[in-house]
Structures are given as structure tokens and as C-alpha cells.
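*Asks:* fold the following for me, if possible:
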Amino acid sequence: MSVSEEKTTAYQATESERAIIGAILRGDILPRNIELTIEDFTDLICHEVFAVMQRLDAQNKTCDLVTVSDAMPNFDSTLLVDLLQSGMMLQIDIIPSVPGYGGTSAESTVALADAALREELHSQYPAMWERMQERRAYLKDVLGIEIPEDVLPMCSTVAYLRPYLLDHSGALTWEPTV
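*Replies:* Numbering: from 1, shown residues only. Below is the predicted model:
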């Protein structure tokens, strides 16, 4: 096998391994339903992540991005970002730790979408797309939060936090200092 063929094979193996890890993170498959062991993973990151996923799955815990990251305290979880793929949906939480506001939190959902998926959503589901764009404008213009174009807010409550326990007269906003 030539050096070029070895590099291609190694790249394909890494891509396949990342696809498996991504499928587990999306919830498409469970580690226990895969006929693979950690020894089958040649990519060091995938090897470590799959080992943690097997352990979590054996404990009947979910293998989502947050749970896997939390189970790997000495692991640079930013490396897992490479495993995120277009089409994935993620739950986001804002849980302030402020005395007097115990139990206050905001939970919502975002989707990851590359240019092709965004175009598909825009053309096939124009009403839904318009709602997402209105939410994006609200996040930027009212709350001062800019999100990347490949992150789609799925709910009207993304980053919306009522700190006064459902007091409809106010919501938390942030004004950056200059």
C-alpha cells in the first residue's frame, strides 16, 4: 500500500468513526447496539469518547454531548465540536446562579444546519423559516445575542429568561458595555 493510500484509508477510518460517534450523540443508535469495541477505533479522540459512551450506556445514561463531556473532566471537550453535524438538534440551558433566584432557568432548543439544509428549510418550509428568522432577529436586536448562521433557534423562548418567576412585565436582557 502506498503512503497516499494509507493516508486515504486512515482519513476514511477517522470519518467513519466520527460518523458513528455523531450518530450516538444524535441518539440514532446506542453503543450497546453496535458490534464494535473501543479497540476498533483508531482515532484517539473517538477511542476515548466511545469508551465513555459505552460506560454511560451501561449505566443507562444518555450519550448526549453534555453528558459525555461531563463524564470526561480532563478531556478538552472543544474537540467534540468536530463531531457536531448539520441536522443535529441540541437543548440549551441558561441556569443563573444568583442568590434569590433559585429555580430560575431557561431551556430551549436549537438546530444545526449547514447551507444546504438551511436552503432546503427555507424553500420547503417558508413559514417555519420566517419564524426562525424572527427569533434570530429578536436574539440579536432585543437580547444582544448573535448566533452563527448555522445555528437555528427552534423556539420563541431561546435565551428568554423571566427572572421574576413569570412576571410578564420584564425579561432579562443584556447590554454590552463599550
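*Asks:* and the gap between residue 114 and residue 151?
*Replies:* Using Cβ to Cβ, to the nearest Å, residue 114 is found at 11 Å from residue 151. In this view, the C-beta of every residue, glycine as well, is placed from N, C-alpha and C.
*Asks:* look up phi and psi at residue 148.
*Replies:* Main-chain torsions, residue 148, degrees, to the nearest 10: phi -60, psi 150.
*Asks:* the more surrounded of residue 114 and residue 151?
*Replies:* residue 151 (16 against 13; other Cβ atoms under 10 Å).
*Asks:* which residues in this protein form strands?
*Replies:* Remark: strands assigned in the chain by DSSP state E are 89-94, 106-112, 151-153.
*Asks:* which residues are in contact with the last one?
*Replies:* Where contact means Cβ atoms under 8 Å, 6 or more residues apart in numbering, the residues beyond strand 151-153 that reach it are 108, 110, 111, 112, 113, 118, 121, 132, 135, 136, 139, 147.
*Asks:* could you dump those residues into CSV and include pLDDT and neighbour count?
*Replies:* Shown next, in CSV, are the contacts of strand 151-153 (pLDDT from 0 to 100; neighbours: other Cβ atoms under 10 Å):
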residue, pLDDT, neighbour count
108, 81, 18
110, 89, 21
111, 90, 18
112, 90, 16
113, 92, 20
118, 95, 17
121, 95, 16
132, 94, 22
135, 90, 22
136, 91, 18
139, 84, 18
147, 87, 15
